[in-house]
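Undergrad: Structure of the sequence below:
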Amino acid sequence: MVGDPSYFEDKTRVSYQVVRAICLMSHPVPNTDGAGSCQVILPQKQVGRRSDIYISALGSELEVAPAGKFVAMVSTTVETAEPLGELRPGIELLGPVDDMFVEVVDIREPLEDGRRDRCFVSRGYDPTSHFESTVEDVLELYWRITGRNLDLSANKLPNLQQQGE
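TA: Reported below is the predicted structural model:
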C-alpha cells in the first residue's frame, strides 16, 4: 500500500508546520514585465527569517485561471505564533489581491520506511514552490518499494503508444 501521510496518522509524526496563502488577483505580479507566470524565492536572510518564502504565480496561459486573472501561492515554514505575518513580505510583492485563502498545515513524515509492513507513506508537502523535495520523496519512495532506483532514461521507458494499440 502506498499513500499520503494524511491517510496514515498512526504511521507518521508531525515534523513542522507550513503556512500557505492562495491569492486571487486581476493582474500579473508587479515588476515581472507582465509575465503570465513566475516563481520568486525570498531568501531567509533577506527577510530576517530562518526559512525562505516561496511565491508561485500562474495565469491563464497555464489554464489555471480565466483570462485576466492570476493565482499566486505564497508559503513558508511556520516560525512564530503569527503565521500570516510571516508571509507578509511575499504577499506585499503581489500588489493588490482580490481574495486570499490562508491555511496552516502540519507536515508529517513516516515513522518507518514501510518495508516491514509494506505500507509506504510519503512525506507531506513542504513550502517550496519548485517541487524538488517532492520529486526526491517520490524517487526515494520508489526505491523503498522496489529496492532499485527509478531510471527515467528515454530508452528505458515503455512505448505507451504501442501498448495502447
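
Undergrad: could you point out where this structure is predicted with low confidence?
TA: For the chain, the stretches with pLDDT under 70 are 154-165.

Undergrad: top helix in it by residue count?
TA: helix 132-146 (DSSP state H).

Undergrad: Which elements pack onto that helix?
TA: Applying 3 or more C-beta pairs under 8 Å, 6 or more residues apart in numbering; DSSP states H and E, one finds that helix 132-146 contacts strand 120-121. C-beta here means a position set from N, CA and C on the backbone, and glycine is covered the same way.

Undergrad: counting contacts, what elements does the strand it packs on pack onto?
TA: If you count contacts as 3+ C-beta pairs under 8 Å, 6+ apart, strand 120-121 packs onto strand 2-3, helix 132-146.

Undergrad: so where do the helices sit in the protein?
TA: Residue ranges of the helices in the chain, as given by DSSP H, are 83-93, 132-146, 160-164.

Undergrad: re earlier: please list the residues outside the longest helix of the chain that contact it.
TA: The contact list for helix 132-146 (C-beta atoms under 8 Å, 6 or more residues apart in numbering) reads Val2, Asp113, Gly114, Arg115, Phe120, Ser122, Arg123, Tyr125, Asp126, Thr128, Asn149, Leu150.
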